[in-house]
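Colleague: Sequence and predicted structure are below.
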Amino acid sequence: MQLHEEKDLLQILRRDPQMGLEEILSRYGGVLHGIVRRILPDERDVEECLSDVLVTCWRKAETLEEENSNLRAWLIVTARNKALDRYRRLRRETVEPLPEDFELIADELVEPRQSEAEALIAELVEGLQPPDREIFMRRYYGLQSGREIGKALHMEEHAVNVRLSRGRQRLKRQFLQIFGKE
């Protein structure tokens, strides 16, 4: 979805929350559900977490619109962070091991608020060409393994891992150039 379409969606959300939330669910519900489901095993927790994401989006719609935020990336990061928060809270209440394929990337990305650097990284990832963008989204936001990504995209696992490695190097160079560190 292009930026102006996302801005229109945020305006709809502000004018008519019911219609806006339905449209967000229609466009992004599947990917958000998939991300949260990988972290939270119970469907009731998944639904509650998704509701929290939607309420947060509604509350922050004006800010997201003013900042020209990438709505899809913001929703994905927010869903992931809320699911991780809920998982930690549930884990404190019960002693349950993490799923075997659960992997955390840098601790900074787990924080509930998005820093300027995280926003830039999300923007850089969104700017990747297919299939690299899809690979990064599945790996770092969807927490899928290289094998799962390869299967979904009809690629060899090794090819996925090579694209991830080269993509990380490319993103690092771009990030450092923008922040003037290189």
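Modeller: That came through fine. Residues are numbered from 1 along each chain as shown.

Colleague: do you know how far Arg133 is from Met155?
Modeller: In this view, Arg133 and Met155 are 14 Å apart by CB to CB, to the nearest Å. C-beta here means a position set from N, CA and C on the backbone, and glycine is covered the same way.

Colleague: Who has more neighbours out of those two?
Modeller: Using other CB atoms under 10 Å as the criterion, Arg133 and Met155 rank with Met155 on top: 17 against 14.

Colleague: Grab the nearest non-local neighbour of the residue nearest to the spatial centre of the chain.
Modeller: The centroid of the chain falls nearest to Ile76 when counting by CA atoms, centre = their mean (2.5 Å). Of all residues not flanking Ile76 in the chain, Tyr141 sits nearest, at 4.6 Å (CB to CB, 6 or more residues apart in numbering).

Colleague: in what helix or strand does Val77 lie?
Modeller: Element membership of Val77 [criterion: DSSP states H and E] is helix 71-93.

Colleague: Grab the nearest non-local neighbour of Val125.
Modeller: Ranked by CB to CB, 6+ apart and with sequence neighbours excluded, the top spatial neighbour of Val125 is Phe136, at 4.9 Å.

Colleague: Next up, identify which helix or strand that neighbour is on.
Modeller: helix 132-136.

Colleague: Give me the mean pLDDT for the following helix or strand past that helix.
Modeller: Moving toward the C-terminus from helix 132-136, the first helix or strand encountered (DSSP H and E) is helix 146-153. The predicted model assigns helix 146-153 a mean pLDDT of 90.
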